[in-house]
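1. Predicted coordinates and the sequence they were generated for:
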Amino acid sequence: MSQKLHGKVALIVGGASGIGLAIANLYHAEGATIAIADRDVEACGKAAKSLETRISTHVVDASDEMSVKNMIDSVIAKHQVIDVLVNSAGILDETPFLEMTSETFDRMIGINLRGVFLISRYVASHMIERKQGRIINIASQLALKGGVGLSHYCAAKAGVLGLTKSMARELAPYNVLTNAIAPGPILTPMLEGLSSEWIAAKEAELPLGRFGRAEEVAPTALMLAASPDGDLYLGQCLGPNSGDVM
């Protein structure tokens, strides 16, 4: 059976855990060389051991421009090209709107939105030179409907969707296709930032009746990265979300 990403190099930011790691595993199984970038050094090491071959790891603070530039330079130095970029780095915490400080809001925007902008801008320049590339931004279904105690998170993810559509229009002439995935609640370590009450209430309102698993999101990222599977997708937001948004 042919591998859909054979010979491709995929940079997965936030790829040491959760959805990012599930995408890294699937891309690797489909023949891609994987560059994992994450702020968690220990988790990067574990990811490298699990994949064993065709992988490099890079430490990055997605909100810091120099850190981002250095990381991308190191990926290109190692692999020469970046064919696919997945922006999966993110944080999540629950804070009521009226109790939220500007510092809490800025930190969320810095990693979950500014990081997507910084990383995409540097990688897009490289892809434009080669006249090819795929950029996949991980958003959230909460960008479309909001969430109690998550106004900062929802604002950041809504920004990711707007950024994705604008990038799609500007980069398409260079054969760089940009899309977003907006998962519903997924069983990942990010849920540790939410209360048990919030999680129980959300699960009860899902038509499917359960949270998703990271490996159930990864195939959507594979489709968008592969050819011809993802060749006509541009500026789209795909929603593996247990029916939370229809």
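-> Cool, the structure landed. Numbering: from 1, shown residues only.

2. ok, then the element right after the host helix or strand of Thr104?
-> Per DSSP states H and E: Thr104 is located in helix 102-109. Sequence order places helix 115-130 as the next helix or strand after helix 102-109, per DSSP H and E.

3. CA atoms only: put whichever helix or strand comes after that next one into PDB for me.
-> Beyond helix 115-130 on the C-terminal side, the first helix or strand identified by DSSP H and E is strand 133-138. Provided in PDB are the C-alpha atoms of strand 133-138 (Å, rounded to 0.1, in the frame of the first residue of the first chain):
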ATOM      1  CA  GLY A 133       3.200  23.600   0.700                       C
ATOM      2  CA  ARG A 134       0.400  22.800   3.100                       C
ATOM      3  CA  ILE A 135      -0.400  24.700   6.300                       C
ATOM      4  CA  ILE A 136      -2.900  23.300   8.800                       C
ATOM      5  CA  ASN A 137      -3.900  25.300  11.800                       C
ATOM      6  CA  ILE A 138      -5.600  23.600  14.800                       C
END
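
4. Can you list the strands that strand 133-138 pairs with?
-> strand 84-87 (parallel), strand 176-181 (parallel) (DSSP bridges).

5. Now render those as CSV, adding mean neighbour count, mean pLDDT and distance to Ile109.
-> From N, CA and C alone the C-beta is placed, and that goes for glycine too. Shown next, in CSV, are the strands paired with strand 133-138 (neighbours: other CB atoms under 10 Å; pLDDT from 0 to 100; distance: least, CB to CB, whole Å):
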stretch, mean neighbour count, mean pLDDT, distance to Ile109
strand 84-87, 29, 98, 14
strand 176-181, 26, 98, 17
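
6. What segments of this protein are helices?
-> Per DSSP state H, the chain carries helices over the ranges 18-29, 41-51, 65-79, 102-109, 115-130, 142-145, 151-171, 196-205, 214-225.

7. among these, which is the most enclosed?
-> Most buried of these, by mean neighbour count (mean count of other CB atoms under 10 Å): helix 18-29, with a mean of 24.

8. Give me the most central residue, the protein.
-> Ser88 (2.1 Å; CA atoms, centre = their mean).

9. Pull stretch 144-163 out as CSV, backbone CA atoms only.
-> Coordinates of each C-alpha in stretch 144-163 appear next as CSV, following Å, rounded to 0.1, in the frame of the first residue of the first chain:
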residue,chain,number,x,y,z
LEU,A,144,-17.6,29.2,16.5
LYS,A,145,-19.8,29.1,19.6
GLY,A,146,-17.9,30.5,22.6
GLY,A,147,-17.5,28.8,26.0
VAL,A,148,-18.1,29.8,29.6
GLY,A,149,-14.9,30.6,31.4
LEU,A,150,-12.9,30.4,28.1
SER,A,151,-13.3,33.8,26.5
HIS,A,152,-9.6,34.2,26.0
TYR,A,153,-9.2,30.8,24.5
CYS,A,154,-12.3,31.3,22.2
ALA,A,155,-10.9,34.7,21.1
ALA,A,156,-7.6,33.2,20.2
LYS,A,157,-9.1,30.3,18.3
ALA,A,158,-11.5,32.6,16.4
GLY,A,159,-8.5,34.6,15.5
VAL,A,160,-6.9,31.5,14.1
LEU,A,161,-9.9,30.9,11.8
GLY,A,162,-9.8,34.5,10.5
LEU,A,163,-6.0,34.2,10.0
